[in-house]
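Student: with the sequence up front, the predicted model follows.
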Amino acid sequence: MSATAMQLDVNQQGLQVRELGKVFSDHGRQVVAVEGVSFDVPARQVCVLLGPSGCGKSTVLRMMAGLERPSSGQVSLDGEIVRGPHRDRGMVFQGYTSFPWLKVRDNVAYGLRVNGDVLAMQEGTVDYFLERVGLSAFADVYPHQLSGGMRQRVALARALANTPKVLLMDEPFGALDAETRWQMQELLLDVIRKERMTVVMVTHDVEEALLLGDQIVFLSRHPGRVKTILHPPFKSSDSVNTREDLRSHPEYAAMERQILTMMREEGGH
Ligand SMILES: Nc1ncnc2c1ncn2[C@@H]1O[C@H](COP(=O)(O)OP(=O)(O)OP(=O)(O)O)[C@@H](O)[C@H]1O
């Protein structure tokens, strides 16, 4: 790998992924899951990792989270190399990760308490993020009293309340039915625009990628490499707020087609 490819710009705000590689050992067999993956996520932008099943999306995200150690290359946040999990990088997973024995309010406050944050004393932080995800009226109920979509909003509010520098999301809406999924995508679009969040999100869903991403990093598989990087115009457009707006946008059909063609080439659909 060249010195320039690995060079980090310590002044750059946001995430830098440089020549990232991961080799797993599977029953004595070496599996090259990801190889030579490089891209940048500027602060306050949303980057979507898209590609066919098994192309290494989750592996790349887990290395960005510090949950998986790279075999080669590195990830840095604001010029600092990622060496393990940190509250600067908040995670939201596909499954419902709320604590069943805690009320919604206490689930959202949980991360703050664990981190001994003085903000935990400030009910305002929790109330603010409950309001942002539309759950103010449900602050004092338990997660089992909520629908799947609402529980995923609790997970989102909890991640946001920690005010991470970056939100990392692995198929956060993958377990939801189609209609709830759309509601969540529109809600997330609204939240990340207002909070000006830096987000990296893994998805299989082409519409989701186009609605939410400033940048789509499309990975090919075996091993996972960057096939192409796209820059959809929809998230930064004032005229796209809903699914209907997205689908009727003049650039939507061509971009969707381009991605579906790549999925087919990679044998994903
Ligand atoms: N812990 C592990 N041990 C061995 N192989 C692994 C491990 N984790 C992932 N892999 C392999 O690495 C490759 C990439 O997996 P990964 O889950 O990152 O892909 P993905 O694009 O997120 O897949 P999907 O879209 O199906 O969730 C796959 O071939 C997978 O089998």
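Tutor: Looks like it arrived, so ask away. Keep in mind it's a predicted model, so treat the numbers as computed, not measured. Residues are numbered from 1 along each chain as shown.
Student: which parts of this structure are strands?
Tutor: 14-26, 29-42, 46-50, 72-77, 80-81, 89-92, 166-170, 198-202, 215-220, 225-230 (DSSP state E).
Student: just send those strands back as a markdown table, with mean pLDDT and distance to Y110 too.
Tutor: Glycine gets a C-beta too; all of them are placed from N, C-alpha and C. Listed next are the strands of the chain as a markdown table, based on pLDDT from 0 to 100; distance: least, CB to CB, whole Å:
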| stretch | mean pLDDT | distance to Y110 |
| --- | --- | --- |
| strand 14-26 | 95 | 25 |
| strand 29-42 | 96 | 27 |
| strand 46-50 | 97 | 25 |
| strand 72-77 | 97 | 23 |
| strand 80-81 | 94 | 26 |
| strand 89-92 | 87 | 12 |
| strand 166-170 | 94 | 16 |
| strand 198-202 | 96 | 21 |
| strand 215-220 | 97 | 31 |
| strand 225-230 | 96 | 36 |
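Student: any chance of these in TSV, with mean neighbour count and distance to S239 too?
Tutor: Shown next, in TSV, are these (neighbours: other CB atoms under 10 Å; distance: least, CB to CB, whole Å):
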stretch	mean neighbour count	distance to S239
strand 14-26	18	26
strand 29-42	17	23
strand 46-50	26	18
strand 72-77	19	32
strand 80-81	12	37
strand 89-92	22	27
strand 166-170	23	25
strand 198-202	25	21
strand 215-220	22	20
strand 225-230	16	19
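Student: need those in a markdown table (columns: distance to V240).
Tutor: Output for the strands of the chain, formatted as a markdown table (distance: least, CB to CB, whole Å):
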| stretch | distance to V240 |
| --- | --- |
| strand 14-26 | 23 |
| strand 29-42 | 20 |
| strand 46-50 | 13 |
| strand 72-77 | 28 |
| strand 80-81 | 34 |
| strand 89-92 | 23 |
| strand 166-170 | 20 |
| strand 198-202 | 17 |
| strand 215-220 | 15 |
| strand 225-230 | 16 |
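Student: now tabulate the ones you listed in CSV and tack on distance to the ligand.
Tutor: Converted to CSV, these look like this (distance: least, CB to the nearest ligand atom, whole Å):
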stretch, distance to the ligand
strand 14-26, 3
strand 29-42, 3
strand 46-50, 8
strand 72-77, 15
strand 80-81, 21
strand 89-92, 14
strand 166-170, 8
strand 198-202, 6
strand 215-220, 7
strand 225-230, 12
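Student: for L135, which of the ones you listed is the nearest?
Tutor: Closest approach to L135 among these is made by strand 89-92 (14.9 Å; CB to CB).
Student: wait, P233 sits on P250?
Tutor: No: P233 is beyond contact range of P250, at 10.0 Å (criterion: CB atoms under 8 Å).
Student: report the separation between G134 and G224.
Tutor: According to CB to CB, to the nearest Å, G134 and G224 sit 36 Å apart.
Student: err, A209, not the other one
Tutor: A209 sits 16 Å away from G224, going by CB to CB.
Student: and what of A43?
Tutor: A43 is 25 Å from G224, by CB to CB.
Student: for stretch 145-152, the averaged confidence score.
Tutor: Stretch 145-152 carries an average pLDDT of 88.
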